[in-house]
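Student: Next comes the sequence, and after it the predicted model I'd like to discuss.
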Amino acid sequence: MIAVVSVIVIVASFLLRSGGSDGDGSTDHAVDVPTGTTTTPTAQPAALPRAPRSGATTPGDTSTDLPPGFPGEGLTLPPLAPPPGLAGKGGSVGLPKIHVKLEVFSAQPIGIVGWQVPTNPDTPTGVSRGVGTRWSKTIIAYGRPDYARLFFGAGPSGTPVTCVITVNGKVTERRSTDGPYGRTMCQG
């Protein structure tokens, strides 16, 4: 019983406060304006122009079946302004090509050579097997130094295996293995 009375009181207070209409409940309130002050009425947004419906029978009839304030058929919009930003011509910037030559050689046959050139878009890594006593590869790299790495090792005889990395014609790394099954890495 108390719940029913509470609901009736809440509904009645809501209806009395909003004036009992389907409006938004807003009312005009009088504001005291000091003497000598002028006020300007607030501008109301203009309604969008509507084009006449096709098949209108009464001259000058511009009504549509659309709700009020909804743009009608044939509505013309202002042209789009250019987007904000910097005016001018574009350009393209890229990193320069770096010519890298990888070499590995020994007096005895070399089993496996592994290599990495991380900034080469086509073949950034690889392994070469059964290369004999000499192996080389020329490849393009981009970016900052430390363009390439070579991985290799010596056989049971301990015959040194040597690597050389040349970047744009300048030797940046030279190393050799030491002893039987010696392993090393070149980076340049």
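Tutor: Arrived safely, thanks for sending. What you see is a predicted model; the values in this text were computed from it and never measured.

Student: which strands and helices sit next to the longest strand anywhere in the chain?
Tutor: When the chain is parsed with DSSP state E, its longest strand is strand 98-116. Secondary-structure packing of strand 98-116 (3 or more C-beta pairs under 8 Å, 6 or more residues apart in numbering; DSSP states H and E): strand 125-141, strand 149-153, strand 161-167. C-beta coordinates here come from the backbone N, C-alpha and C atoms, glycine included.

Student: Sheet-wise, list the partners of the second one with their directions.
Tutor: Okay, so that is strand 149-153. Strand 149-153 sits in its sheet next to strand 98-116 (antiparallel), strand 183-187 (antiparallel), going by DSSP bridges.

Student: Quick check: mean pLDDT of the last one?
Tutor: Pointing back at strand 183-187 there. Averaged across strand 183-187, the pLDDT comes to 93.

Student: what about the longest strand of the chain, average pLDDT?
Tutor: For strand 98-116, mean pLDDT rounds to 95.

Student: mind saving the C-alpha coords of that strand as PDB?
Tutor: The C-alpha coordinates for strand 98-116 follow below in PDB (Å, rounded to 0.1, in the frame of the first residue of the first chain):
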ATOM      1  CA  ILE A  98      74.100   1.200 -48.400                       C
ATOM      2  CA  HIS A  99      76.100  -1.300 -50.400                       C
ATOM      3  CA  VAL A 100      77.300  -4.100 -48.200                       C
ATOM      4  CA  LYS A 101      79.700  -6.900 -49.200                       C
ATOM      5  CA  LEU A 102      80.000 -10.000 -47.000                       C
ATOM      6  CA  GLU A 103      83.000 -12.300 -47.400                       C
ATOM      7  CA  VAL A 104      84.200 -15.500 -45.600                       C
ATOM      8  CA  PHE A 105      87.400 -17.400 -46.600                       C
ATOM      9  CA  SER A 106      89.700 -20.100 -45.400                       C
ATOM     10  CA  ALA A 107      92.400 -22.500 -46.500                       C
ATOM     11  CA  GLN A 108      90.100 -25.400 -45.600                       C
ATOM     12  CA  PRO A 109      86.500 -25.900 -46.800                       C
ATOM     13  CA  ILE A 110      83.900 -23.900 -44.800                       C
ATOM     14  CA  GLY A 111      80.800 -25.800 -43.700                       C
ATOM     15  CA  ILE A 112      78.100 -23.200 -43.000                       C
ATOM     16  CA  VAL A 113      77.900 -19.500 -43.200                       C
ATOM     17  CA  GLY A 114      74.900 -17.700 -41.700                       C
ATOM     18  CA  TRP A 115      74.200 -14.000 -42.300                       C
ATOM     19  CA  GLN A 116      71.800 -11.200 -41.400                       C
END
